[in-house]
Structure formats: C-alpha cells, structure tokens
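**Q** Mind folding the following:
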Amino acid sequence: MKDMKIEIFDPAMCCSTGVCGPSVDPELTRVAAAVYSLEKKGFEIKRYNLANEPGIFAENETITQILNEKGPDALPVTIVDSQLKKSGKYPTNEELSEWFGVAKAELTEKPKKRVSIQLKQL
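**A** Below you'll find the model as predicted:
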C-alpha cells in the first residue's frame with residue numbers, strides 16, 4: 001500500500017496547509033495532522049494550494065475539468081492513484097484510514113516544533 005499516491009488539491013489558502021492566521025479551521029488542522037502522520041509512515045501524499053501552485057492544477061486534466069465545470073467551489077479535490085475519489089470536501093480520517101490501511105487513531109499526530117528561548121540578563 002505504500003506505493004499508493006494520494007494528491008489533495010486545496011483551494012487558495014494563505015499557506016500550504018491553511019493552518020495559519022488568527023482563526024484556524026479545525027478541518028484544516030485535522031487534515032494537516034493526518035497528512036503529517038501518513039508522511040511520517042512513509043506514504044506518498046501531496047497537497048497542492050491553488051494560490052501557490054496554479055501550474056500543477058492546470059497540468060492535471062481531472063482538476064482542469066472539475067474547475068471548468070464547477071469552479072473553485074469544487075475544491076478540495078482528492079485523487080488516489082490518478083482516480084478522482086472526493087470533491088468539495090476533504091477526505092475523512094475514516095476514508096484515509098481505509099485507503100492507507102492504517103488505524104484511524106494513527107492519523108491524529110500533530111507536528112511538534114520545539115522553540116528555544118534564550119534570555120539575556122541585563
């Protein structure tokens with residue numbers, strides 16, 4: 001199953017995951033955590049942002065057709081091994097679990113960033 005390729009075509013967002021700014025959509029946080037967890041397990045899963053990577057959208061015939069027919073409201077779109085799997089909503093953790101053959105609980109790990117602060121004494 002690790003040779004499976006999943007691509008998620010996101011609507012235009014401020015950053016690659018959409019989990020930035022003052023008010024973060026919990027759905028985007030869930031998807032970002034699931035993608036992070038799957039990548040750590042060695043699965044190939046890519047996300048493309050319409051605002052930052054329009055060329056990738058234009059190069060994909062399926063995405064071009066969907067955008068021409070339904071417009072950007074059809075995003076996000078999920079393609080699994082070149083086959084359209086979902087349009088208009090992100091895949092659920094249940095769907096990702098089924099597609100990748102992993103437990104749903106394994107899709108909730110969030111990236112951990114360590115911040116070190118060095119204070120100078122005055």
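
**Q** who are the neighbours in contact with residue 56?
**A** Residue 56 makes contact with 9, 48, according to C-beta atoms under 8 Å, 6 or more residues apart in numbering. For the C-beta atoms, the positions are set from N, CA and C on the backbone; glycine is no exception.

**Q** If I look at it, what pLDDT would I see?
**A** Each residue has a pLDDT score; the one for residue 56 is 94.

**Q** What of residue 25?
**A** Reading off the per-residue confidence, residue 25 sits at a pLDDT of 75.

**Q** Distance of it relative to residue 39?
**A** In this structure, residue 25 lies at 20 Å from residue 39, with C-beta to C-beta, to the nearest Å as the measure.

**Q** And for residue 75?
**A** Using C-beta to C-beta, one gets 21 Å for the distance from residue 75 to residue 39.

**Q** okay, these two: which has more neighbours?
**A** Remark: of residue 75 and residue 39, residue 75 carries more neighbours, 24 against 13, as counted by other C-beta atoms under 10 Å.

**Q** Could you list which residues are in contact with the more buried one?
**A** Contacts for residue 75 were tallied using C-beta under 8 Å, 6+ apart; they are 9, 10, 11, 50, 67, 87, 88.

**Q** Perfect, that will be all.
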